[in-house]
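Engineer: Sequence and predicted structure, then a few things I'm wondering about:
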Amino acid sequence: MEEQGKRDGTKELVSTSADCPFHAGSKRFPSTLLAQETLLDPFGVYKMLRSERPVAFIPDQNIWILSRYDDCKFVLEHPEKFSSKEAVSSTNAYRRSAEALEILKQSKASPRARTLIMSDPPEHDRYREILHRALAPGQTVRALTPKMKLIIDELIDGFCERGLCEFIQEFAYPLPMRVVAAILDVPDDQIDMLKAWSDDFIAVQAGNISDDRIVSSARRTLEFEDFILRKVDDRRREPTDDFLGRLVNQPPNEERLSIPELLNICLQVLVGGNETTTNFLGSTLFTIVSRPGLLGDIRQSVARIPQLIEEILRVESPLQGLFRIATEDHAFGDVVVPKGAKLMLCFGSANRDEAYYGTAEFDPTRDYRHNMHLAFGHGIHACAGQAFARRESVLAMEALVNRLPGLRLSDKAPPIRQMLLGIRGFKVLHIEFDPAPKISNLSAKLAHDTRAA
Ligand code: HEM
């Protein structure tokens with residue numbers, strides 16, 4: 001810790017790499033944010049940050065971490081002071097491959113558009129309005145509910161007679177993908193392709209990708225564009241009342257989306273709902289089977305699942321942090337964050353802030369009407385797909401607890417957590433249960449559910 005002069009002439013303590021929570025040699029923090037034990041369980045470090053350094057500058061990463069609820073919420077409510085525009089692009093791996101950049105010159109999405117999560121008002125207002133009309137969350141979630149139930153039952157049928165499964169690969173990974181495929185009207189036999197595009201995009205953005213894969217990802221990006229643009233052409237010829245149809249056939253008074261804008265919006269819908277929901281489904285099932293008595297309680301009353309889902313979103317937020325860039329100097333208390341600074345809003349910490357929640361402890365009966373969590377963000381960028389994620393998760397947990405008696409963690413293969421800063425979930429989660437029958441006639445059940453919807 002070093003003393004540094006502030007503008008008003010007073011001094012403040014600033015982290016140096018020796019006490020940086022990212023830094024392996026940290027003296028001040030017993031563990032570091034990037035250390036294995038912190039990635040497994042970051043909540044002790046978050047608590048320390050909240051009480052001792054709620055606005056912490058991390059020199060090694062040139063980043064400011066905000067860990068208190070009120071500060072994170074303030075930033076989300078002031079996009080004019082804290083921009084999203086450049087906040088997510090700094091790790092894009094294409095920048096390090098001339099070959100990939102050459103391939104991308106043929107992209108129909110060039111010059112690249114920055115929509116939704118990569119934009120600020122006033123541009124964001126237009127994109128968000130167009131997305132909201134096209135996605136029509138209330139109507140689409142209702143219309144897709146029978147299909148979601150069908151997908152969930154098909155996935156459970158794939159392993160229920162076996163008495164065990166690896167939950168992430170066999171359920172949590174395919175379910176969100178198939179729901180997004182239904183939104184984008186992609187048939188089942190093309191879902192693997194869709195998933196490969198989504199995985200590539202996430203890996204390129206995160207920057208943790210081999211040079212060979214960067215080049216093949218660039219090629220596959222062009223495939224994705226052609227695929228979506230063929231669907232767009234179909235809908236221009238023959239308008240449809242679905243997501244892509246509504247996206248393409250805009251009302252006459254609305255400024256038309258360019259091709260790059262349209263492709264960028266589709267990409268964000270594809271990617272936005274995948275990994276986050278996979279991680280969330282894993283954390284939810286893990287919580288249900290590992291908290292004593294919880295599984296029994298919800299078997300007694302599945303009506304409690306929606307409330308439980310909110311509590312798990314709070315304590316196990318799949319996105320533990322998000323970034324913004326300060327557009328002007330801003331004082332949080334007596335710490336001034338300078339213009340141009342990169343901020344990480346630590347939702348994982350904010351959602352456990354005792355100052356806001358009273359107690360941060362897991363409480364499946366918590367009343368959310370007054371204490372909303374930040375797991376889906378807040379303000380103008382709040383998750384556009386949250387209604388889908390909620391419905392998917394509730395339906396999934398209802399079906400799993402109803403159909404799999406004796407549901408438990410496997411004692412033969414331990415769970416393996418994601419070990420990435422800012423992400424919470426599982427890579428591997430083996431579960432066991434008493435073998436249970438498949439549903440004999442899924443198409444009749446779909447017809448029944450569709451009528452009921
Ligand atoms: C548990 C699952 C999910 C979590 C935790 C989650 C989380 C988030 C968060 C925190 C944001 C705000 C980003 C920001 O402020 O910069 C966001 C935005 C967004 N999410 Fe989600 N999301 C989930 C599921 C989904 C799904 C299923 C979809 C699509 C069907 C989706 C589509 C989007 C889009 C398009 C945005 C950008 C909105 C904008 O910038 O206006 N998300 N999500």
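Structural biologist: That came through, no problem.
Engineer: where in this protein is pLDDT low?
Structural biologist: Within the chain, the segments meeting pLDDT under 70 span 1-32, 88-91, 208, 370.
Engineer: For it, which segments count as strands?
Structural biologist: Ranges of strands in the chain, per DSSP state E, are 2-5, 11-14, 55-58, 63-66, 82-83, 164-166, 322-326, 330-332, 335-337, 342-345, 408-409, 416-417, 426-428, 430-432.
Engineer: Please tell me how far residue 236 sits from residue 215.
Structural biologist: 32 Å (Cβ to Cβ, to the nearest Å). (Each C-beta comes from the backbone N, C-alpha and C, glycine too.)
Engineer: Looking at the two now, which is surrounded by more residues?
Structural biologist: Ranked by neighbour count (other Cβ atoms under 10 Å), residue 236 and residue 215 place residue 215 first, with 17 against 11.
Engineer: surely that one meets residue 97?
Structural biologist: Yes. Assessed by Cβ atoms under 8 Å, residue 215 is found in contact with residue 97 at 6.3 Å.
Engineer: Find residues that contact each of the two.
Structural biologist: Contact criterion Cβ atoms under 8 Å, 6 or more residues apart in numbering; no residue bridges residue 215 and residue 97 by contacting each.
Engineer: Give me every residue in the stretch 101-250 of the chain lying close to the ligand.
Structural biologist: For the stretch 101-250 of the chain, the residues in contact with the ligand under the definition Cβ under 6 Å from any ligand atom are 116-117, 128, 180.
Engineer: likewise the stretch 301-450 of the chain?
Structural biologist: Looking at the ligand, the residues of the stretch 301-450 of the chain close enough under Cβ under 6 Å from any ligand atom are 318-319, 322, 375-377, 381, 383-385, 388-389.
Engineer: okay, now the residue of the stretch 351-453 of the chain found nearest the ligand: neighbour count?
Structural biologist: Nearest residue of the stretch 351-453 of the chain to the ligand (Cβ to the nearest ligand atom) works out as residue 385 at 2.0 Å. When neighbours are defined as other Cβ under 10 Å, residue 385 has 24 of them.
Engineer: contacting residues for the residue nearest to it when sequence neighbours are not counted?
Structural biologist: Leaving aside its chain neighbours, residue 385 sits nearest to residue 273 (4.7 Å; criterion: Cβ to Cβ, 6 or more residues apart in numbering). By Cβ under 8 Å, 6+ apart, the residues touching residue 273 are 176, 179-180, 385, 388-389.
Engineer: Give me the phi and psi angles of residue 273.
Structural biologist: Here the main-chain torsion angles of residue 273 (degrees, to the nearest 10) amount to phi -100, psi 0.
Engineer: That one and residue 177, how far apart?
Structural biologist: Taking Cβ to Cβ, one finds residue 273 at 9 Å from residue 177.
Engineer: One more: residue 315?
Structural biologist: From residue 315 over to residue 177 (counting by Cβ to Cβ), the distance is 25 Å.
Engineer: Those two: who's more crowded?
Structural biologist: Between residue 315 and residue 177, counted using other Cβ under 10 Å, the more crowded position is residue 177 (23 against 20).
Engineer: What is the burial count for the closest residue to the more buried one other than its chain neighbours?
Structural biologist: Among residues not flanking residue 177 along the chain, residue 195 sits closest, at 5.0 Å (Cβ to Cβ, 6+ apart). For residue 195, the neighbour count with other Cβ under 10 Å is 19.
Engineer: same deal with residue 298?
Structural biologist: The tally of other residues near residue 298 (other Cβ under 10 Å) stands at 20.
Engineer: Likewise for residue 267?
Structural biologist: Residues within reach of residue 267, counting by other Cβ under 10 Å, total 20.
Engineer: ok, now residue 381?
Structural biologist: For residue 381, using other Cβ under 10 Å, the count is 20.
Engineer: For residue 324, see how far away residue 77 is.
Structural biologist: Applying Cβ to Cβ to residue 77 and residue 324 gives a distance of 11 Å.
Engineer: More neighbours: those two, which one.
Structural biologist: Legend: neighbour count by other Cβ under 10 Å for residue 77 and residue 324, higher for residue 324 (27 against 12).
Engineer: The more buried one touches residue 84, doesn't it?
Structural biologist: Yes. When contacts are counted by Cβ under 8 Å, residue 324 is listed as touching residue 84 (6.3 Å).
Engineer: Now do the nearest residue to residue 95 once chain neighbours are set aside against residue 348, distance only.
Structural biologist: Leaving out its chain neighbours, the residue that sits closest to residue 95 by Cβ to Cβ, 6+ apart is residue 101, at 7.8 Å. Here the criterion is Cβ to Cβ. By it, residue 101 lies 35 Å from residue 348.
Engineer: now residue 177
Structural biologist: Counting by Cβ to Cβ - residue 177 and residue 348 are separated by 25 Å.
Engineer: Now do the helices in the stretch 301-450 of the chain.
Structural biologist: Taking DSSP state H, counting those that start in this stretch to define them, one finds helices in the stretch 301-450 of the chain at 305-315, 347-350, 354-357, 386-403, 442-452.
Engineer: And the longest one, what's buried?
Structural biologist: The neighbour-count criterion (16 or more other Cβ atoms under 10 Å) identifies 387-401, 403 as the buried residues of helix 386-403.
Engineer: For that helix, name the packing helices and strands.
Structural biologist: helix 137-157, helix 174-183, helix 275-290, helix 294-300, helix 305-315 (3 or more Cβ pairs under 8 Å, 6 or more residues apart in numbering; DSSP states H and E).
Engineer: Would you tell me which of those gets closest to residue 42?
Structural biologist: Nearest to residue 42, of all the helices and strands packed on helix 386-403, is helix 305-315, at 11.9 Å by Cβ to Cβ.
Engineer: helices or strands next to the closest one in the packing?
Structural biologist: Packed next to helix 305-315, using 3+ Cβ pairs under 8 Å, 6+ apart, are helix 275-290, helix 294-300, helix 386-403.
Engineer: the inter-axis angle of the first one versus helix 305-315?
Structural biologist: Taking axes from the mean of the first three to the mean of the last three Cα atoms, to 10 degrees, one finds helix 275-290 and helix 305-315 inclined to each other by 110 degrees.
Engineer: how about the CA coordinates for helix 275-290, as CSV?
Structural biologist: Extracted C-alpha coordinates of helix 275-290, given in CSV (Å, rounded to 0.1, in the frame of the first residue of the first chain):
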residue,chain,number,x,y,z
GLU,A,275,-22.9,-20.0,-21.4
THR,A,276,-24.6,-17.9,-18.7
THR,A,277,-27.6,-20.2,-18.6
THR,A,278,-25.5,-23.3,-18.8
ASN,A,279,-23.5,-22.1,-15.8
PHE,A,280,-26.7,-21.1,-14.0
LEU,A,281,-28.4,-24.5,-14.5
GLY,A,282,-25.3,-26.2,-13.1
SER,A,283,-25.2,-24.0,-10.0
THR,A,284,-28.9,-24.4,-9.4
LEU,A,285,-28.9,-28.1,-9.5
PHE,A,286,-25.8,-28.2,-7.3
THR,A,287,-27.4,-26.0,-4.7
ILE,A,288,-30.6,-28.0,-4.7
VAL,A,289,-28.9,-31.4,-4.1
SER,A,290,-26.1,-30.2,-1.8
